[in-house]
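In: The following comprises the amino acid sequence and a computationally predicted model.
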Amino acid sequence: MPVRIVQLGSPRAPGEGTRIGTVRRPPRGVPKEQFAAQDWYDVWYPNLAPSPETVKQAQAATTPQEWAAFARKYRAEMATPENRHTLALLARMSQDANFSVGCYCEDEAHCHRSVLRQLLAEAGARISNPP
């Protein structure tokens, strides 16, 4: 029952389970009670989102070097004890429970969820969908 890495707002896959939004802000113009019904997320967990400054760095990255700098900074943010514990928890849960984590970005290759996928894999998570 591995974790899925998803684009928030996309249709849910069968058996996807609880959808966790790893984003800084809720979707604009969507009433809170509609987040799950509209396939955004069931639980908002901004702790796994990059800081606002790091998000800006990712959005401005146009070269592989700039993207690598973003990835290093986001990895550093995820290396705090609190975030390491969260990643370990999700990795363990991926052995027995259906759930997904995601972000709004259309292109996973240019989104923090590509790095989050790697971090979860490094923590031992089972991941169901390929990058």
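Out: Perfect, thanks for sending it.
In: which one is Tyr74 nearest to, not counting chain neighbours?
Out: Using Cβ to Cβ, 6 or more residues apart in numbering and skipping the chain neighbours, the partner closest in space to Tyr74 is Pro50 (4.9 Å). Just so you know, the C-beta spots here come from the backbone N, C-alpha and C atoms, and that holds for glycine as well.
In: how about the helices in this structure?
Out: 52-60, 64-78, 81-93, 112-122 (DSSP state H).
In: most tightly surrounded among those helices?
Out: helix 112-122 (a mean of 20; mean count of other Cβ atoms under 10 Å).
In: That helix - what's its average pLDDT?
Out: Mean pLDDT, helix 112-122: 97.
In: Which residues does it contact?
Out: 3, 5, 22, 48-50, 54-55, 58, 71, 74-75, 78, 87, 90-91, 94, 101-103, 105, 108, 127, 131 (Cβ atoms under 8 Å, 6 or more residues apart in numbering).
In: Trp44 is nearest to which of the helices of the chain?
Out: Evaluated over these, closeness to Trp44 peaks at helix 81-93, with 13.7 Å, by Cβ to Cβ.
In: roughly how far is that closest one from the heart of the chain?
Out: Computed by Cα atoms, centre = their mean, to the nearest Å, the chain-centroid distance of helix 81-93 equals 13 Å.
In: Cheers, nothing more for now.
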